[in-house]
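Visitor: sequence and predicted structure below; questions after.
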Amino acid sequence: MNKYFDLLRKKNVLEEDIKKHKGVLHNKFYELKKKEFAILDWALALIIVMNCLSAFMTNVVVVKETPSVQVMEFNPTVATAQGYEPHPAAPTFNTVIFTKALFWGSLIFIYLYNRKRIFSEEHLLVMQTLIFLLLVIFGWAYFNDLGFYLGKMLYGG
């Protein structure tokens, strides 16, 4: 039985040593790849800004018309801003804000948590790929909304 506890203690000591060594490796790797880490940070900030701006432009671009059918808006922000009747199944404004904040808070936490644990080229490549995919997805939404907004400004509506 004592041998079991001795092995368990050794296991805990080894796990702690591995954790410290990974931290040292991360710090050395970070010093070598400072520019790549800075690009990742800026890309994540750009993703957040583009998402907020695209949500803003989506709410601005909606054009109010008087159709012959009754229009019910699912987006609570647009419904109040444009004078539409909100759909009964639409979420409340607070729910939308809470969901967005929870999503972005989770994404930032996951990014920061994993950023501190990058200590090899493979880990950095995976992180760069994920951030690039998010940048493409949210960039697509942003530039799509920007095109609609510019079209509305240029041609009226």
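Guide: Yep, that arrived.

Visitor: same for the helix or strand where residue 154 lies, what does it pack against?
Guide: Assigned by DSSP states H and E, residue 154 belongs to helix 121-155. When contacts are defined as 3 or more C-beta pairs under 8 Å, 6 or more residues apart in numbering; DSSP states H and E, helix 121-155 sits against helix 34-61, helix 93-115. Backbone N, C-alpha and C define where each C-beta goes, glycine included.

Visitor: of those helices, which is nearest residue 142?
Guide: helix 34-61 (3.8 Å; C-beta to C-beta).

Visitor: buried set for the closest one?
Guide: Within helix 34-61, the residues that count as buried by 16 or more other C-beta atoms under 10 Å are 36-37, 40, 44, 46-47, 50-51, 53-55, 57-58, 60-61.

Visitor: re the thing from before, out of the helices and strands packed on helix 121-155, which gets nearest to residue 155?
Guide: Short answer: helix 34-61, nearest of the helices and strands packed on helix 121-155 by C-beta to C-beta, at 12.2 Å.

Visitor: okay, and the helix or strand of this structure with the least pLDDT?
Guide: strand 72-73 (a mean of 58; mean pLDDT, DSSP states H and E).

Visitor: next one: phi and psi at residue 118?
Guide: With angles defined as degrees, to the nearest 10, residue 118 sits at phi -90, psi 120.
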